[in-house]
Structures are given as structure tokens and as C-alpha cells.
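> Turn this into a structure:
(one chain, ligands or ions: 1)
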Amino acid sequence: MGQTRRHFVKTSAKASGAFGILGSLGPIACGPVDGGGKPSGYSSESKRILILGGTRFIGPHQVKYALDRGHEVSIFTRGRTRPPFYHDYFDRVEHLVGDRNNDLTALENGEWDAVIDNSASIPRWVRESAGLLANRADRYLYVSSISAYATYSEVGMTENAPLAQLEDPTTEDDTGATYGGRKALCEQAAQEAFGEDAIIVRPGLIVGPGDNTDRWTYWPIRIDQGGEVLAPNSPSDPVQNIDARDLSEWMIRLVEEPGHGGTYNATGPAQPATFGEMLEGVRIALDSDATFTWVSTKFMSEHGIRPWSHMTNWRPAEGQEIGLLQVSVSAAIQHGLTFRPLSDTARDTLAWWNTLSEERRAEPQAGLPAELEAQVLAAWRSSA
Ligand SMILES: NC(=O)c1ccc[n+]([C@@H]2O[C@H](COP(=O)([O-])OP(=O)(O)OC[C@H]3O[C@@H](n4cnc5c(N)ncnc54)[C@H](OP(=O)(O)O)[C@@H]3O)[C@@H](O)[C@H]2O)c1
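Coordinates of the predicted model:
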């Protein structure tokens with residue numbers, strides 16, 4: 001169904017004032033929004049935004065920012081995951097309960113200006129929800145991933161690089177091996193239903209307060225502890241990542257108005273950055289006495305240190321992966337993506353981590369265990 005029909009349905013629904021349990025918040029002139037990332041003085045008409053997901057990591061940041069900008073927000077989840085923060089905001093959200101696997105009844109009625117699909121990595125889920133909503137929403141933003149690409153054999157890859165392909169396109173196996181191919185097919189399903197009103201966002205590693213994977217969080221935690229820190233390979237290795245708040249806030253701005261249909265790599269910073277600059281930036285932000293010992297890729301591998309899971313946000317920049325942490329972000333920047341300073345991300349991530357329970361902090365999901373770090377640093381010194 002084309003844009004005209006979707007626009008007509010939206011206008012009619014607005015005129016009838018129908019919006020579930022939320023009253024209209026009316027037009028707004030946006031006041032300041034904390035967390036940064038918003039051009040000052042920006043104002044927009046209140047929009048109705050449906051988030052498929054909303055309660056784990058990027059969702060809460062989207063919810064907060066959208067409500068702060070005066071939008072009306074519905075979220076669709078199974079009702080199992082409790083948002084990690086911003087609890088008061090969720091009292092102001094319409095909560096539709098169902099299951100993308102087999103129960104979309106709660107999505108059968110209602111009209112929205114925009115849908116943001118955070119929670120799908122299975123193409124059928126996008127096909128079903130985007131198909132169901134195509135006549136009742138103007139725009140559909142699908143959260144894909146940099147993982148959707150077939151390879152990273154070039155530096156500065158733009159959005160038209162070849163995508164991963166699955167041997168079995170019907171697979172719903174939730175494994176890392178099929179993740180990229182499934183994300184690529186999810187993108188296609190969103191585009192089939194929404195055409196030029198589909199917005200595909202391919203984030204790189206998402207970092208910052210609320211990250212349930214503890215990946216980038218490892219660096220502020222470790223650097224804050226101080227002392228000799230094992231660092232991967234070389235300070236000149238490339239790095240990219242994006243603060244969840246920069247990403248989430250930009251997504252809300254993208255869906256506020258028409259004209260942003262298309263596909264965007266979404267990572268940062270704006271200019272190429274090195275691992276050395278990142279670790280040193282975190283060190284300065286946290287006023288830490290940490291020093292960095294750069295251990296070669298070969299030595300790490302021989303001593304059981306794994307890229308990404310131990311050395312988080314790092315992989316060897318070579319061969320088919322040379323461009324993994326060096327993709328082009330110019331399209332996203334042209335469409336309004338902004339970046340807060342690394343120092344804010346470092347401080348806020350550590351502050352958030354320190355609010356978690358002692359039990360949770362005792363069991364980080366990623367990063368280099370202290371004993372392994374000490375062992376390999378000692379071996380590296382004696383090999384020198
Ligand atoms: N983390 C990264 O570095 C990274 C990088 C690139 C791309 N991405 C993509 O970014 C997105 C991240 O999403 P997020 O977790 O932060 O999103 P979110 O919107 O904060 O949370 C997703 C929510 O979806 C709900 N959900 C899960 N299964 C569901 C089902 N079967 N039916 C209905 N709802 C369901 C869960 O709530 P309930 O449990 O209550 O249902 C969950 O809280 C993903 O698409 C991921 O592939 C992540």
C-alpha cells in the first residue's frame with residue numbers, strides 16, 4: 001500500500017481522536033532534552049510511535065526521548081522484561097502485550113505515524129508485523145545490524161555493499177552463524193511492506209548505560225580499576241561503536257518526519273578513531289592511573305584471549321574483516337546522526353554499572369577475566 005493511503009488512514013484516525021489508553025499530548029515545542037544529541041530549538045508536532053520491543057536496552061532510551069519530545073508511545077512486548085531504568089516513563093506508555101512468534105492480536109487495531117521495530121531477527125516476524133501495519137502506519141524503521149553484510153573486506157563500506165545470504169532462507173535458528181543473513185532478510189521484509197517509507201538502520205556495537213551484554217562496558221570498568229591494562233594488538237587499530245542514546249534519539253528524530261526512507265550504517269564516531277584514542281579517552285574521562293600494554297594478536301590468540309568476547313569491541317583488522325570497524329557513516333550523519341563526547345559515554349556507563357547489584361556486577365557477561373589478564377601480561381613481559 002502506498003504512502004497516500006497510509007497518510008489518509010493516519011489523518012482520519014487522528015481526526016477521530018482514537019488512541020487507546022493514552023490521551024493526546026497535543027502539539028509541542030520541544031524543551032531541552034537531557035542526554036544531548038538533539039539540535040537545540042528543534043520542534044515537532046506530536047507523533048504516535050509504536051515500538052516493537054522497548055524494554056531492554058535501546059528501547060528505554062527511545063521511550064524516554066520520544067516522550068520528552070511530546071510524542072505518544074505504544075510498546076509491544078511479551079511483558080516479560082522489566083525496563084532497566086526510566087520506570088516512571090513507562091507509566092506514560094501504552095503497553096500492548098503479545099508475542100511476535102504467534103500472537104499479534106494486540107496489533108490488529110490502532111494507527112501510528114511510525115513503527116520502530118527493535119525486536120526482530122527473524123524475517124517472518126517482520127513480514128507479519130510490517131504486513132499487518134502497512135495500512136495503519138506511515139513509516140517503518142527496522143533495526144538491523146552491521147552484521148547484515150556478507151563481508152568487511154573493504155574499508156569505508158557504504159550501505160550498498162553485498163549482504164549476507166542464508167543457505168536456508170526459512171531458518172529461524174537463533175544462532176550467530178545465521179544472524180547476519182536473517183537481519184538482511186528482515187530488512188527486505190520491511191522494504192517490501194513499506195517501500196520508500198522503510199528506514200533500515202544498521203548499528204555497529206551499541207554501547208552505554210543499560211547495555212545488558214557488558215561488552216564495551218568492560219573498558220570503563222577495567223580502566224577505572226587502574227594499573228596495567230592489557231590492550232589488544234596496537235593503539236592504531238580501528239574502532240567504531242555508538243552510544244545507545246545517540247542511536248535511539250536519532251531514530252526517534254528519523255521517524256518524526258517523512259523523507260528519511262533508506263538504509264543507514266549507524267556507528268561512530270564521525271571521524272575514524274583508533275583503539276588507542278578510545279582507551280586513552282576513557283582513561284582521561286575517569287581520571288584513572290591505568291597504563292596500557294598492547295599485546296600482539298598472535299600472542300593473545302596463543303594464550304587463550306579471544307577477540308570481541310574478551311577484548312570487547314576489537315577484532316583483528318585484516319582480511320575479510322578489515323572494514324568491520326571502519327564502515328562509512330556519512331549517510332547517517334547527512335540525515336542527522338550526532339555523537340556525544342566519549343567522556344560522557346565512559347562516565348555514564350560506569351555510573352550506571354555501579355547502580356547494579358553486587359551479584360550482577362560479580363558476573364560480567366564479557367571482558368577479560370582478571371586472572372587471565374594477569375597471567376598473559378606476565379607471560380608477555382617474560383617473552384620480551
Ligand atoms: N547490542 C548491539 O550491539 C546491537 C548491534 C547491532 C544491532 N543490534 C540490534 O538492536 C536491537 C536491540 O534491541 P534491544 O534488545 O535493545 O531492544 P529493546 O526494544 O530495548 O528490547 C527488545 C524487547 O523485545 C521484547 N521481545 C523479545 N522477544 C519478543 C517476542 N517474541 N514478542 C514480543 N516482544 C518480544 C522483549 O521484551 P519481553 O521479554 O517482555 O517480550 C525485549 O525487552 C536488536 O534488533 C539487535 O539485533 C544490537
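> Could I get the buried residue list for whichever strand or helix holds V376?
Element membership of V376 [criterion: DSSP states H and E] is helix 370-383. Buried residues in helix 370-383, counted by 16 or more other Cβ atoms under 10 Å: E373, V376, L377, W380. For glycine as for every other residue, the C-beta is placed from the backbone atoms N, C-alpha and C.
> Which neighbouring elements make contact with that helix?
strand 228-232, strand 291-295, helix 297-302 (3 or more Cβ pairs under 8 Å, 6 or more residues apart in numbering; DSSP states H and E).
> Rebuild these as TSV, extending it with mean pLDDT.
TSV is the format used below for those (pLDDT from 0 to 100):
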stretch	mean pLDDT
strand 228-232	98
strand 291-295	98
helix 297-302	98
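> Give me whichever of those is most buried.
Most buried of these by mean neighbour count (mean count of other Cβ atoms under 10 Å) is strand 228-232; its value is a mean of 21.
> May I ask you to name the longest helix in the chain?
Secondary structure of the chain read by DSSP state H shows that its longest helix is helix 176-194.
> is any part of that helix close to the ligand?
No - counting by Cβ under 6 Å from any ligand atom, no contacts exist between helix 176-194 and the ligand, the nearest distance being 6.6 Å.
> Now do the following helix or strand past that helix: distance to the chain's middle.
Next helix or strand after helix 176-194 toward the C-terminus (DSSP H and E): strand 198-203. Offset of strand 198-203 from its chain centre (Cα atoms, centre = their mean, to the nearest Å): 10 Å.
> Run through who's touching strand 198-203.
Residues from elsewhere that reach strand 198-203 (Cβ atoms under 8 Å, 6 or more residues apart in numbering): 139-146, 148, 159, 187, 190-191, 242, 247, 251, 254-255, 260-267, 332.
> can you give me the angle the helix holding V376 makes with strand 291-295?
70 degrees (axes from the mean of the first three to the mean of the last three Cα atoms, to 10 degrees).
> pLDDT averaged over helix 370-383 - what is it?
In this model, helix 370-383 carries a mean pLDDT of 98.
> who touches that helix?
E228, V229, L230, T293, V295, F299, M300, H303, G304, I305, H310.
> Ok, stretch 250-259 next?
Against stretch 250-259 from outside (Cβ under 8 Å, 6+ apart): 3, 37-38, 42, 44, 47, 49, 58, 62, 65-66, 69, 71, 113-114, 116, 138-139, 141, 143, 197, 199, 201, 260, 266, 332, 335-338.
> Go again with 7 Å.
37, 44, 47, 49, 62, 65-66, 69, 114, 116, 138-139, 141, 199, 201, 260, 335-338 (Cβ atoms under 7 Å, 6 or more residues apart in numbering).
> now stretch 280-299
So stretch 280-299 is contacted by 219-220, 223-224, 226-231, 233-235, 279, 316, 342-343, 346-347, 350, 376-377, 380 (Cβ under 7 Å, 6+ apart).
> Grab the two from the buried residues of helix 370-383 that are most spread out in space.
E373 and W380 (10.5 Å; Cβ to Cβ).
> wait, what's in contact with Q320?
T151, Y152, S153.
> quick one: it is in a strand?
No - Q320: not assigned to a strand; according to DSSP: H, G, I helix; E, B strand; the rest coil it is helix.
> what does the stretch 151-300 of the chain put close to the ligand?
So the stretch 151-300 of the chain meets the ligand at P203, L205, I206, T213 (Cβ under 6 Å from any ligand atom).
> So what's the residue count around the second one?
In terms of burial, L205 registers 20 neighbours under the definition other Cβ atoms under 10 Å.
> same deal with the last one?
Neighbour count for T213, taken as other Cβ under 10 Å: 16.
> tell me the mean pLDDT over stretch 257-269?
97.
> now S296: how far from A266?
Per Cβ to Cβ, to the nearest Å, S296 is found 31 Å from A266.
> so what's W125 up against?
R100.
> In the helix or strand that contains it, which of the residues would be classed as buried?
Using DSSP H and E, the element containing W125 is helix 123-133. By 16+ other Cβ under 10 Å, the buried positions in helix 123-133 come out as P123, R124, W125, V126, R127, E128, S129, A130, L133.
> Show me which of these is closest to the ligand.
Among these, W125 lies closest to the ligand (Cβ to the nearest ligand atom), at 7.4 Å.
> where do the strands sit along the chain?
Per DSSP state E, the chain carries strands over the ranges 48-52, 72-77, 94-97, 112-117, 137-143, 198-203, 206-207, 228-232, 238-243, 262-266, 268-274, 291-295.
> about what we covered before: redo the helices and strands packed on helix 370-383 as TSV? Include distance to P169.
Listed next are those as TSV, based on distance: least, Cβ to Cβ, whole Å:
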stretch	distance to P169
strand 228-232	35
strand 291-295	41
helix 297-302	34
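> if we can go back for a sec, quick one: which two of the contacts of helix 370-383 are the most distant?
Counting by Cβ to Cβ, the most remote pair of the contacts of helix 370-383 is E228 and G304, 18.6 Å apart.
> can you tell me which residues contact the residue lying closest to R222 once chain neighbours are set aside?
If the residues on either side of it in the chain are set aside, R222 comes closest to V229, at 5.8 Å by Cβ to Cβ, 6 or more residues apart in numbering. By Cβ under 7 Å, 6+ apart, V229 lies in contact with R222, I223, A290, T291, F292.
> Out of those residues, which is nearest to R100?
Nearest to R100 among the contacts of V229, with distances taken as Cβ to Cβ, is R222, at 36.3 Å.
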